[in-house]
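K.L.:
Sequence and predicted structure, then a few things I'm wondering about:
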Amino acid sequence: MAEALLQVQDVHLELPSAAGARPVLAGVDLEVARGSFTCVVGPSGCGKSTLLGVVAGLRRPDRGTVLLAGRDVTGTTGHAAWMAQDDLLLEWRTVLDNVALGLQVQGVRRREARARVRDLLTEFGLTGHADARPSELSGGLRQRAALARTVAQGRELLLLDEPFGALDALTRLHLQRWLASTWAEHRWTVVMVTHDVREAVTLADEVVRLSGQPAHVVARHRVDDPHPRRPAEPGPAARTVEHDVLGGLGVLTAPPTGT
Ligand SMILES: Nc1ncnc2c1ncn2[C@@H]1O[C@H](COP(=O)(O)OP(=O)(O)OP(=O)(O)O)[C@@H](O)[C@H]1O
């Protein structure tokens, strides 16, 4: 395996519940190679977003460690950029200024931030929309703008939490294909949470499956098909992993007998 950029080691976390505290993460281990794409899947509500929060340093685990390039970053922020399902674009700013915000929050002056993100807008197919307000964009373009803002931060790690979860099925397929080819050019280190197993096997080098609550890693599946891939035409490894993951999630039922 290439050098591990991210190592999550034996992470445990309890969260408050009506009955007191409830374990949500119970001994999660994860290793993500630099320049690789990892998708995290698991039953609804098992703790996928919570795990991303721990990796980002927004939540400090009760036990366990998060290492970035061997450096202990447990409970600290600044090493990862986060994108959620809700694009959180600011309606009163233009697309250019929304993307530039990723740098401005780090103290880069507005003018320089705008200059630096122009190339990114071109690459993300947003040049013609630089001066538009987010409300003028389609759902797919909004997500591209949000992703551009996330990438613009220049962090070592991108954490994507169901970034296409709110899109219609066709737009989602287009964006998956677009992200697959854009990622293949850049090779950002990505950890992405998704409920869509086809999306996971299209994008990921490795699909990590979490158990139900309290969550730990129950399976890791390599997807060795070459990049970039297409969601509508899964390769042999993607098809196998998709089947295995769906089986592990209990989605596949035995075929009816006696027919
Ligand atoms: N701030 C909080 N306080 C208490 N419990 C929380 C908090 N945030 C999340 N939880 C609980 O922790 C559990 C895991 O939530 P989380 O959102 O991480 O799951 P998920 O796997 O991402 O969910 P989904 O599949 O619905 O996207 C859930 O039971 C949730 O209700």
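P.N.:
Done, it's in. Residues are numbered from 1 along each chain as shown.

K.L.:
use CA for all of it now, contacts and neighbours both
P.N.:
Fine.

K.L.:
which parts of the stretch 1-150 of the chain sit against the ligand?
P.N.:
For the stretch 1-150 of the chain, the residues in contact with the ligand (CA under 6 Å from any ligand atom) are 15-17, 24, 44-50.

K.L.:
Recalculate using a threshold of 8 Å.
P.N.:
If contact is defined as CA under 8 Å from any ligand atom, the residues of the stretch 1-150 of the chain in contact with the ligand are 15-17, 22, 24, 42-51.

K.L.:
from the residues you listed, which ones fall inside strands?
P.N.:
15-17, 22, 24 (DSSP state E).

K.L.:
In the helix or strand containing Trp178, which residues are buried?
P.N.:
Per DSSP states H and E, Trp178 falls inside helix 169-186. Within helix 169-186, the residues that count as buried by 16 or more other CA atoms under 10 Å are 172-173, 175-181, 183-184.

K.L.:
would TSV of those with pLDDT and distance to the ligand be doable?
P.N.:
Listed next are those as TSV, based on pLDDT from 0 to 100; distance: CA to the nearest ligand atom, whole Å:
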residue	pLDDT	distance to the ligand
Arg172	87	17
Leu173	89	20
Leu175	85	20
Gln176	90	19
Arg177	89	22
Trp178	87	23
Leu179	89	21
Ala180	91	22
Ser181	89	26
Trp183	90	23
Ala184	90	26
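
K.L.:
Next, Leu158: phi, psi?
P.N.:
Here is the backbone geometry of Leu158 (degrees, to the nearest 10): phi -110, psi 130.

K.L.:
before we move on, what about Ser135?
P.N.:
phi -60, psi -20.

K.L.:
where along the chain do the helices fall?
P.N.:
Assigned by DSSP state H, the chain shows helices spanning 48-56, 95-104, 110-123, 139-152, 169-186, 197-203, 236-248.

K.L.:
Rebuild the ones you listed as TSV, extending it with distance to Leu5.
P.N.:
Listed next are those as TSV, based on distance: least, CA to CA, whole Å:
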stretch	distance to Leu5
helix 48-56	12
helix 95-104	22
helix 110-123	24
helix 139-152	17
helix 169-186	16
helix 197-203	18
helix 236-248	24
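
K.L.:
give me the number of residues near the residue lying closest to Leu103 once chain neighbours are set aside?
P.N.:
Excluding its sequence neighbours, the residue lying closest to Leu103 (CA to CA, 6 or more residues apart in numbering) is Gln153, at 5.4 Å. Per other CA atoms under 10 Å, the neighbour tally for Gln153 reads 23.

K.L.:
need the contact list for Gln153.
P.N.:
For Gln153, the contacting residues are 81, 102-103, 106, by CA atoms under 8 Å, 6 or more residues apart in numbering.

K.L.:
Now flag whichever of the residues you listed is closest to Arg222.
P.N.:
For the contacts of Gln153, the residue nearest Arg222 by CA to CA is Ala81; the value is 24.4 Å.

K.L.:
Backbone dihedrals for Val251, please?
P.N.:
Dihedral angles (degrees, to the nearest 10) for Val251: phi -90, psi -30.

K.L.:
Can I get the buried part of the contacts of Gln153 as one PyMOL selection?
P.N.:
Per 16+ other CA under 10 Å, the buried members of those correspond to this PyMOL selection:
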select buried, resi 81+102+103
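
K.L.:
which of the contacts of Gln153 lies closest to the ligand?
P.N.:
Ala81 (17.2 Å; CA to the nearest ligand atom).

K.L.:
Skipping its backbone neighbours, what lies nearest that closest one in space?
P.N.:
Leu158 (5.0 Å).

K.L.:
Now do the one you found: how many residues are near it, please.
P.N.:
Neighbours around Leu158, by other CA under 10 Å: 23.

K.L.:
Over to Glu112?
P.N.:
12.

K.L.:
how close does it get to Val95?
P.N.:
16 Å (CA to CA, to the nearest Å).

K.L.:
Check Leu103 too.
P.N.:
14 Å.
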